[in-house]
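**Q** Take this sequence and fold it.
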Amino acid sequence: MGLSDSKTIVEEDDIFGSYNNDNFNIVLKKINQSKVLCQKLPTVEDRERFALDLSDTKRLKDRYLSVNSILNNISILDTHVSIKIKFTLIDTLKSETSKNVRHFISPLLDITGQLPNHGIYHSCLTVGPWMIDYTDCGLCIPRKIISKSAFLSVDVAEIRGIPNIESTIDVLSSAIQKWNTKVSYQRKSTRRESALFQDLSLDELEKFSHSNELHDVGNCQDFVDYLLDSLRIKPNFSECLLEFLHQLKVKGKPEQQLKLNEEFCNRFLLINNSSINLKNVLGALNSGKSNNIVNDNHCEDNIHEHPLFINTSSSFRGNRPKRSKSNATPISNSSSISNGNIGVHGSNSNSGSDLKKGRKSEGDVFATTNNQNNRLSCSSPIILKAYHQAEDEANNEVVVKLENYRIRFDNHAQIDLFTNICLIQDPNFRENYSEIYGLLKAFDRAHWMKYQSILSLKNQSIEDKQMMRSVEPLFWTTLSQENNCDQTFRCPFGDPFVETRSFMNLD
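**A** Down below sits the predicted model:
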């Protein structure tokens, strides 16, 4: 539901009565001061009708928070109706200069106690089909769930049953109307603490939920905390998520980074201080060859026995030897490591060309090809299978680095691949490692918001098309020539707009 939906015809006496309302005048003034809103609402009549909708609780509920928007997403066969409430963080800074400044000043502001409760980020809630946030024009305008800059979206509550959903809508409508008419936007947070970013005890949370004071100024973070208090929601974040939020806040870098430990790495065959080609590993695991991926002791000193990992520790870094087309050394049925680079050579090859030409960076896995069929010559079915599957390896889109037990994800597919790897090795990964699974899901849901945002555009720019490569979910069919074990790997968390309905479509 967009701005155009505010043009609903209403009775003249209703409009006349509202024109003399102080709340209406306050909202209309905010609209007139916003360049963005004035562009979208070019006529005085449009702005006045929009001000009516945002300043009156009943009109706000009927036009923007109708329960019918939820029922439209529910099948008649569903016996249990529920909606998810998620806390979402968005990076609204556009330029690299602004982001670098945030990274520099965040630790300083944290030391002096001046850092905003949620860090220097935009906060909002998604409730069923709506994104609800307080913007710098001093207004909350419920809208559909899209964002090109979201990087975290984590569950905070689930509302079950139509009566409870309707009660939730009533609370939201009242809170939004109050903020639209009684609060002015201010960059600095007014609340001293946030139930979202602190590991509060149950007693403190209970006390905190009853201190829902409305100030005359506030920002998006204050608004989110106010909504949670009004809904009496006490987020129960895991230690893993709290650690991520703390690092996010004090470092000022919105990276989707996961902190692991040695026990987890050993359990899931991960080697610290290495680069991991996720497609290679997943393909090998799916072939039932996982015993060949690493040796039993998982020791970094034996990295040369690991065909799918590239060690990045200092002891294994070195310069790749120059190899001309005339002096390639064929090594039949074997793999070798030289100066820290893993290589596979074909028995019939004399060209010495890389599998992916032009890739000369340190640590690349390379291979030579057979002149007759231009296929990789290698005796290992695991490596052969993995190379044939990695169509986009040249751009490193499926390669992640595990450094100091921290792994950073740069795109949607990496998160989906990593989670699929964990699920293959431990089918109960969701239950046994619920904290890590939950954080991975929070990363994944943010990418779905970006993906949906680009899909909703009628005309996609070049930047949008480039961004689509990083935000689209995994859809990959393994190509196996043995035992007919082909399998299609998808987003392990499901489509939140269609399958799980943790996000709902707003038509």
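
**Q** Nearest residue to residue 128 in space, please, no chain neighbours.
**A** Take residue 128 and drop its neighbours on the chain: the residue closest to it by C-beta to C-beta, 6 or more residues apart in numbering is residue 83, 3.7 Å away. For every residue, glycine as well, the C-beta is placed using N, CA and C.

**Q** and if you look at residue 456?
**A** Residue 456's closest residue in space is residue 146 (C-beta to C-beta, 6+ apart), at 5.7 Å.

**Q** mind checking how far that neighbour is from residue 397?
**A** Residue 146 sits 23 Å away from residue 397, going by C-beta to C-beta, to the nearest Å.

**Q** how about the residue nearest to residue 456, what does it touch?
**A** By C-beta atoms under 8 Å, 6 or more residues apart in numbering, the residues touching residue 146 are 131, 449, 452, 453, 456.

**Q** Now, those that are in helices?
**A** Judged by DSSP state H, those include 449, 452, 453 as members of helices.

**Q** Relative to residue 150, which of those is nearest.
**A** In terms of C-beta to C-beta, no member of those lies closer to residue 150 than residue 449, at 4.5 Å.

**Q** Could you measure from the closest one over to residue 165?
**A** Taking C-beta to C-beta, one finds residue 449 at 22 Å from residue 165.

**Q** Also residue 217?
**A** From residue 217 to residue 165 the distance is 31 Å (C-beta to C-beta).

**Q** next one: residue 415
**A** Distance from residue 415 to residue 165, by C-beta to C-beta: 30 Å.

**Q** Give me the more crowded residue out of the two.
**A** residue 415 (26 against 19; other C-beta atoms under 10 Å).

**Q** Need the residues that contact the helix or strand where the more buried one lies.
**A** Residue 415 is part of helix 412-425, with elements assigned from DSSP states H and E. Here helix 412-425 makes contact (C-beta under 8 Å, 6+ apart) with 256, 267-269, 278-279, 281-282, 285-286, 290, 397-398, 400, 407, 409, 429-430, 433, 436-437, 440, 443-444, 447-448, 450-451, 470-474, 476, 489-493.

**Q** and those residues, which of them are in helices?
**A** Filtering the contacts of helix 412-425 for helices - DSSP H - leaves 267, 278-279, 281-282, 285-286, 429-430, 436-437, 440, 443-444, 447-448, 450-451, 470-471.

**Q** Double-check that residue 154 belongs to a helix.
**A** No. Counting by DSSP: H, G, I helix; E, B strand; the rest coil, residue 154 is not part of a helix but strand.

**Q** Identify the residues contacting it.
**A** So residue 154 contacts 86, 87, 88, 237, 241, 438, 439, 441, 442, 445 (C-beta under 8 Å, 6+ apart).

**Q** Would you mind measuring from residue 268 to residue 281?
**A** Distance, residue 268 to residue 281, using C-beta to C-beta: 10 Å.

**Q** Comparing those two, which residue is more hemmed in?
**A** residue 281 (27 against 18).

**Q** pLDDT at the more buried one, what is it?
**A** We have a pLDDT of 87 for residue 281.

**Q** do the same with residue 2
**A** 46.

**Q** got it, and residue 464?
**A** At residue 464, the model reports a pLDDT of 91.

**Q** Please apply the same query to residue 507.
**A** pLDDT at residue 507 comes out at 63.

**Q** measure the closest residue to residue 282 other than its chain neighbours to residue 187 for me?
**A** Leaving out its chain neighbours, the residue that sits closest to residue 282 by C-beta to C-beta, 6+ apart is residue 421, at 5.2 Å. Remark: distance between residue 421 and residue 187 (C-beta to C-beta) = 42 Å.

**Q** Tell me where the model's unsure across this protein.
**A** 1-20, 76-79, 191-193, 195, 197-212, 288-396, 478-487, 507 (pLDDT under 70).

**Q** Repeat the analysis, applying 80 as the threshold.
**A** Along the chain, the model assigns pLDDT under 80 to residues 1-20, 73-79, 189-213, 286-396, 476-487, 506-507.

**Q** Next up, the contacts around the residue lying closest to residue 491 once chain neighbours are set aside.
**A** The shortest distance from residue 491 to any non-neighbouring residue, by C-beta to C-beta, 6+ apart, is to residue 473 (4.1 Å). Each residue near residue 473 by C-beta under 8 Å, 6+ apart is listed here: 412, 413, 416, 447, 448, 451, 490, 491, 495.

**Q** Residue 442 too?
**A** Per C-beta under 8 Å, 6+ apart, neighbours of residue 442: 152, 153, 154, 155, 241.

**Q** I'd say the fourth one and residue 84 touch.
**A** Okay, so that is residue 155. Yes. If you go by C-beta atoms under 8 Å, residue 155 and residue 84 touch, sitting 5.9 Å apart.

**Q** quick one: common contacting residues for those two?
**A** Common neighbours of residue 155 and residue 84 (C-beta under 8 Å, 6+ apart) are residue 502.

**Q** Now do the strands in the stretch 351-500 of the chain.
**A** Per DSSP state E, counting those that start in this stretch, the stretch 351-500 of the chain carries strands over the ranges 366-367, 399-403, 406-409, 475-477, 488-490.

**Q** wait, which of the ones you listed is closest to residue 21?
**A** Taking these one by one with C-beta to C-beta, strand 406-409 is closest: 49.2 Å.

**Q** So in that sheet, which strands flank that closest one, and in what orientation?
**A** Sheet partners assigned to strand 406-409 using DSSP bridges are listed as strand 256-259 (antiparallel), strand 399-403 (antiparallel).

**Q** got the angle for the helix or strand hosting residue 151 vs helix 434-455?
**A** Per DSSP H and E: residue 151 is located in strand 150-160. Interaxial angle of strand 150-160 relative to helix 434-455 (axes from the mean of the first three to the mean of the last three C-alpha atoms, to 10 degrees): 110 degrees.

**Q** Which SSE is immediately downstream of strand 150-160?
**A** helix 162-182.

**Q** any idea which helix or strand comes after that next one?
**A** The helix or strand immediately downstream of helix 162-182 is strand 184-185, counting by DSSP H and E.

**Q** Which strands and helices lie in contact with that following strand?
**A** Secondary-structure packing of strand 184-185 (3 or more C-beta pairs under 8 Å, 6 or more residues apart in numbering; DSSP states H and E): strand 217-218.

**Q** let's go with 10 Å and repeat that
**A** For strand 184-185, the contact count by 3 or more C-beta pairs under 10 Å, 6 or more residues apart in numbering; DSSP states H and E identifies helix 22-32, strand 217-218, helix 220-230 as packing neighbours.
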